[in-house]
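A.B. asks: below: sequence and its predicted model.
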Amino acid sequence: MKSLAYLNKFFYKYRWRLIPGVCFVVISNIFGVLPAQVIRVAFNLVSENIQIYHLYAGFDRQQIIYDIFGSSLLLFGALVLVLSLLRGLFLFFMRQTIILMSRHIEYDLKNEIYQHYQELSLAFFRRHNTGDLMNRATEDVSRVRMYLGPGIMYAINTIVLFVLTVYAMLSVNGRLALFALMPMPVLVLSIYYVNNLIEFRSEKIQERLSSLSSFVQENISGIRVVKSYVREAYISKKFTEESENYKMHSMALTKVQALFFPMMLLLVGISNVLIIYIGGIEVMKGNITSGNIAEFVVYLNQLMFPVMSLGWVTSLIQRAAASQKRINEFLHERPEVQSPKVAARQVKGQIVFDRVSFVYPDTGIEALKEVSFTVEPGQMLAIIGRTGSGKSTIANLMMRMYDTTGGEIQIDGTPLPQLNLNAYRSQVGFVPQEVFLFSDTIAHNIAFSADVLDRSAVEQAAKNAAVYGNIIELEKGFDTLIGERGITLSGGQKQRVSIARAIVKQPQILVFDDCLSAVDTRTEEEILRNLGRIMNGKTSIIIAHRISTIRNADKILVMDNGIITEQGTHDELMAQKGDYFELYEKQLLEEQETPPAI
């Protein structure tokens, strides 16, 4: 229940739904208890009138007594029916308040989780897989809703009905009530024991479900690789193993519940036997009437549902507590990268890396070691180096996906952590190494940074990214739905759509993280010419593997193992005959040895 305390703020928010709901629970149960007393009176009336009826055997008044007796029973029957209808009406009101409240809280909780996901840093998403994130925002929230709605509703209903029924039983005959309720302590102890089993096994089930969801999501996303390597049978086998593991934990929980409910029915049955036996003795002593036995049987049958639902409600609460505990783990996560509460400011484009070092928090890999360089507004900086040399880390630090572990990054003379993060990122165009496109039209993918689709700006950006011709050749042009992760486009087309998405926002700083690798040389030259025109007076950072991509940059950094080994213009670096010269010669040789395409 400690985990579920997080939800108290929602109860306060929707208190004007919860409080009337509780009132409706009380009223409905009052109408639920009254029929037992009506039945007692009717039962006593039957026994008394039968004796009177037999006394007038052979007299004309016997028929009158019979008619009065029949009318009285009909009246009592109608009264029981009216009470049942009134109870049903207030049960309807109860559901309309408490169940609707649970749906509102479910909506709020899902939005809160998703909003919190949006605020967390990139490091968080590197630590947790997508399936687990999705499962906590969907399956876990659904289980919490079952506690907020049916769980609370039936728990309150059980408590109120139990109190009213026990009070009514005690007011009739304390001894009979004591024997009727004798099995209840055994039930309480059983629930206490079973609770721990349910909570433990519920947590295991949710863990296995997250693992199963992650497995499915990952393999569906990589279905082309699976098919290319003919690994369908292997993946199916692994899925069966994951499903079997989930089934095993679910069956373990089901076995506990399957044993729990029959045990409760047994205890209720024992109570019925005690009522009839002890009640019969009390009737013979003259302490109660036969109608009281009927009243007690009705009371006990009314208690049967609360007793049975007690186990179900307990299960709901324990499963909800396990799910809310998992949700709280993420909601209590704080983003490593946070934006200061400062006013937005216009970025001019000066970038200074002052002895910047960075170690990835999860792996401990030292990606950068005291890297220093300066880029003035309007300059194009190019970064080249071997795989793993730290190039993409510079791009991530530029976007402030991470904060430096040493040194400082300054934008226009201000340390990057002191800038309004959203305002800064809105003025930076970023094309990541791993291109990601949404399951939407090409136009909406390009205009992703804008709230309103500007068709002319989208088309111009597509022309600048040299992808306009490819798009208009498609049947629906810019309105083509490209499918999940851009699966309907080629690698080069996806890269160019991603470039168009970055430049359509007219950024002050543009960062290209090796996003021209799948583009041919002629298209690459066209894109770079267009960039030189649209980024005039603005800052560009291009990370690449091909020297042909960066040879016209104002400054080139050569990186290796997290440090800058050389820097300068293309001509200066060629004159040094160092790493850059060797890389240039190697790429030139490879181009000469590559046969022309047929």
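C.D. replies: Everything's here; your move. Numbers count the residues shown, from 1 in each chain.

A.B. asks: going forward, measure contacts and count neighbours with C-alpha atoms only.
C.D. replies: Will do.

A.B. asks: let me know the average pLDDT across the longest helix seen in the chain.
C.D. replies: Under DSSP state H, the helix in the chain containing the largest number of residues is helix 61-119. Here helix 61-119 scores 86 as its mean pLDDT.

A.B. asks: need the CA coordinates for the next helix or strand after that helix. PDB is fine.
C.D. replies: Note on helix 61-119: by DSSP states H and E, the next helix or strand toward the C-terminus is helix 122-127. Coordinates of each C-alpha in helix 122-127 appear next as PDB, following Å, rounded to 0.1, in the frame of the first residue of the first chain:
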ATOM      1  CA  LEU A 122      19.000  10.200 -23.300                       C
ATOM      2  CA  ALA A 123      20.900   8.100 -20.800                       C
ATOM      3  CA  PHE A 124      17.600   6.800 -19.300                       C
ATOM      4  CA  PHE A 125      16.500   5.400 -22.600                       C
ATOM      5  CA  ARG A 126      19.900   3.800 -23.100                       C
ATOM      6  CA  ARG A 127      19.400   1.900 -19.800                       C
END
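
A.B. asks: okay, the next helix or strand after helix 122-127 in PDB with CA atoms only?
C.D. replies: Moving toward the C-terminus from helix 122-127, the next helix or strand (DSSP H and E) is helix 130-137. Taking C-alpha atoms only, helix 130-137 is exported to PDB below (Å, rounded to 0.1, in the frame of the first residue of the first chain):
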ATOM      1  CA  THR A 130      11.300   0.200 -25.300                       C
ATOM      2  CA  GLY A 131       9.100  -2.800 -24.400                       C
ATOM      3  CA  ASP A 132       9.600  -2.200 -20.700                       C
ATOM      4  CA  LEU A 133       8.800   1.500 -21.100                       C
ATOM      5  CA  MET A 134       5.600   0.700 -23.000                       C
ATOM      6  CA  ASN A 135       4.500  -1.900 -20.600                       C
ATOM      7  CA  ARG A 136       4.700   0.400 -17.600                       C
ATOM      8  CA  ALA A 137       2.600   3.000 -19.300                       C
END
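
A.B. asks: now do the helices in the stretch 401-550 of the chain.
C.D. replies: In the stretch 401-550 of the chain, helices defined by DSSP state H, counting those that start in this stretch lie at 421-426, 442-446, 455-464, 468-472, 491-503, 521-534, 547-550, listed in chain order.

A.B. asks: can you give the distance of the third one from its chain's centre?
C.D. replies: Computed by CA atoms, centre = their mean, to the nearest Å, the separation of helix 455-464 from the middle of its chain amounts to 36 Å.

A.B. asks: number the chain from 103, please
C.D. replies: Noted, 103 is the first residue going forward, which turns the last one into helix 557-566.

A.B. asks: show me what it is packed against.
C.D. replies: helix 544-548, helix 570-574, helix 593-605, helix 623-636 (3 or more CA pairs under 8 Å, 6 or more residues apart in numbering; DSSP states H and E).

A.B. asks: any idea how the chain splits into domains?
C.D. replies: Domain assignment for the chain, taken from automatic domain parsing, gives 203-433, 451-529+609-692, 535-607.

A.B. asks: out of the ones you listed, which is closest to residue 441?
C.D. replies: Closest approach to residue 441 among these is made by domain 451-529+609-692 (5.1 Å; CA to CA).

A.B. asks: out of the helices of the stretch 503-652 of the chain, which comes closest to residue 181?
C.D. replies: Checking those against residue 181 by CA to CA gives helix 544-548 as the closest, at 65.1 Å.

A.B. asks: what angle do the longest helix of the chain and helix 232-239 make?
C.D. replies: Here helix 163-221 points in a direction 140 degrees away from that of helix 232-239 (axes from the mean of the first three to the mean of the last three CA atoms, to 10 degrees).

A.B. asks: check the offset of helix 163-221 from the chain's centre.
C.D. replies: The answer for helix 163-221 is 33 Å, by CA atoms, centre = their mean.
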